[in-house]
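In: Sequence first, then the predicted structure:
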Amino acid sequence: MPVLCRVALRTRIPRATSLVRKTFFSYEHPPSSQPFGTVEDVILSAAYQHVPEHGFSHHSISLGARDTGYLDISPSVLSNGVFSLIRFHLVRQRLNLAYNTEELFDTSEINSAGTSAGSRVAAIAWARLIANKDIIHRWQEALAIMAQPSHVPSSLKELALLSDEILHLAGDKSVDSSWYSKRASLSTTYSASELFMTNDKSAGFADTHAFLMRRLDEATTIEGVFEGLGTWTNFTMNAGINLLRSKGVNI
């Protein structure tokens, strides 16, 4: 599957700014203009700057709170604790896709015959993956938290929203029976590629890009073979278990 990957993305996480609020598209999930409360947004924006060094952790949140003048965080402000910081990353990068897509190809190409839908999906999915590069060394820690039973539903919802966004930005407007199978296949392909990327040491994550392209080809030729939600859960649970074992937890 040919793909034009003119990725001109930010090379570092920007300085502390509130979450970009740009509408995204989803047939099943209406967009929310306020994904986080005002105070939560301010604290998480600041905490996000500490993730590359301190990970998705309470320490990063504490530093973010200190940076913004909140020395004593009430549990009601960040009711989901560290998972709130993980979700902040997921939402932020999903919302940024609309801007990044404009850098990948001219919007006039979306419905043109010159650029295939498959190529557009591949380019946008890769743009989302490469947006993880500054925190990829911390992402297995995040997966371990996302695998906790209380967080799996929200994590799966974010994955579904991401698939909706990628396909919409690629120009997919299908409302037939293929709607669910496309999103299930893309969700599974993306999550597998994201997990692969956590162990990728190749220059520019070239191996991850090759892996993504192979999986997209498989999803195209064997449509429906993947069961998106169950496969995502298995990937995430295994990553979390392996991480805990590496830290000496007897599982």
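Out: Received it, and whenever you're ready, just let me know what you need.
In: C-alpha only now, for contacts and for neighbours.
Out: Noted.
In: Compute the number of surrounding residues for residue 202.
Out: 10 (other C-alpha atoms under 10 Å).
In: try residue 176
Out: Neighbour count of residue 176, defined by other C-alpha under 10 Å: 7.
In: SS state for it?
Out: In three-state terms, and counting by DSSP: H, G, I helix; E, B strand; the rest coil, residue 176 is coil.
In: show me what contacts it?
Out: The contact partners of residue 176, by C-alpha atoms under 8 Å, 6 or more residues apart in numbering, come to none.
In: Would you check how far apart it and residue 182 are?
Out: 11 Å (C-alpha to C-alpha, to the nearest Å).
In: Repeat that for residue 85.
Out: Distance from residue 85 to residue 182, by C-alpha to C-alpha: 29 Å.
In: Residue 62 too?
Out: 40 Å.
In: Residue 98 too?
Out: From residue 98 to residue 182 the distance is 20 Å (C-alpha to C-alpha).
In: Please name the nearest non-neighbouring residue to residue 198.
Out: Once flanking residues are discounted, residue 198 sits nearest to residue 136: 5.8 Å by C-alpha to C-alpha, 6 or more residues apart in numbering.
In: does that neighbour really touch residue 197, like I thought?
Out: Yes. Applying C-alpha atoms under 8 Å as the test, residue 136 and residue 197 come out as touching, 7.4 Å apart.
In: quick one, which of those two is more surrounded?
Out: The residue with more neighbours, out of residue 136 and residue 197, is residue 197; 26 against 21, by other C-alpha under 10 Å.
In: The more buried one reaches residue 205, doesn't it?
Out: Yes. At 7.1 Å, residue 197 counts as touching residue 205 under the criterion of C-alpha under 8 Å.
In: Okay, now the unreliable bits of the stretch 51-200 of the chain?
Out: 72-76, 105-115 (pLDDT under 70).
In: now the helices: where do they sit in it?
Out: Taking DSSP state H, counting those that start in this stretch to define them, one finds helices in the stretch 51-200 of the chain at 51-54, 58-67, 82-104, 117-130, 139-146, 152-169, 178-197.
In: can the ones you listed go into JSON lines with extra columns for distance to residue 219?
Out: Converted to JSON lines, those look like this (distance: least, C-alpha to C-alpha, whole Å):
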{"stretch": "helix 51-54", "distance to residue 219": "33"}
{"stretch": "helix 58-67", "distance to residue 219": "38"}
{"stretch": "helix 82-104", "distance to residue 219": "22"}
{"stretch": "helix 117-130", "distance to residue 219": "11"}
{"stretch": "helix 139-146", "distance to residue 219": "23"}
{"stretch": "helix 152-169", "distance to residue 219": "14"}
{"stretch": "helix 178-197", "distance to residue 219": "6"}
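In: Between those helices, which one is closest to residue 211.
Out: Nearest of the helices of the stretch 51-200 of the chain to residue 211, taken as C-alpha to C-alpha: helix 178-197 at 6.6 Å.
In: Quick check: next helix or strand after the closest one?
Out: helix 206-221 (DSSP states H and E).
In: can you pull the buried residues of that following helix?
Out: 207, 208, 209, 211, 212, 213, 215, 216, 217, 219, 220 (16 or more other C-alpha atoms under 10 Å).
In: With stretch 150-157 instead?
Out: Neighbour counts using 16+ other C-alpha under 10 Å place 152, 155, 156 of stretch 150-157 among the buried residues.
In: With just CA atoms, put that stretch into CSV.
Out: Extracted in CSV, the C-alpha atoms of stretch 150-157 (Å, rounded to 0.1, in the frame of the first residue of the first chain):
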residue,chain,number,x,y,z
SER,A,150,-11.5,0.4,36.1
HIS,A,151,-9.7,2.2,33.1
VAL,A,152,-10.3,-0.2,30.3
PRO,A,153,-13.7,1.2,29.3
SER,A,154,-12.4,4.7,29.0
SER,A,155,-9.3,3.6,27.2
LEU,A,156,-11.3,1.6,24.7
LYS,A,157,-13.6,4.6,24.1
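In: Right, I'll call it a day here.
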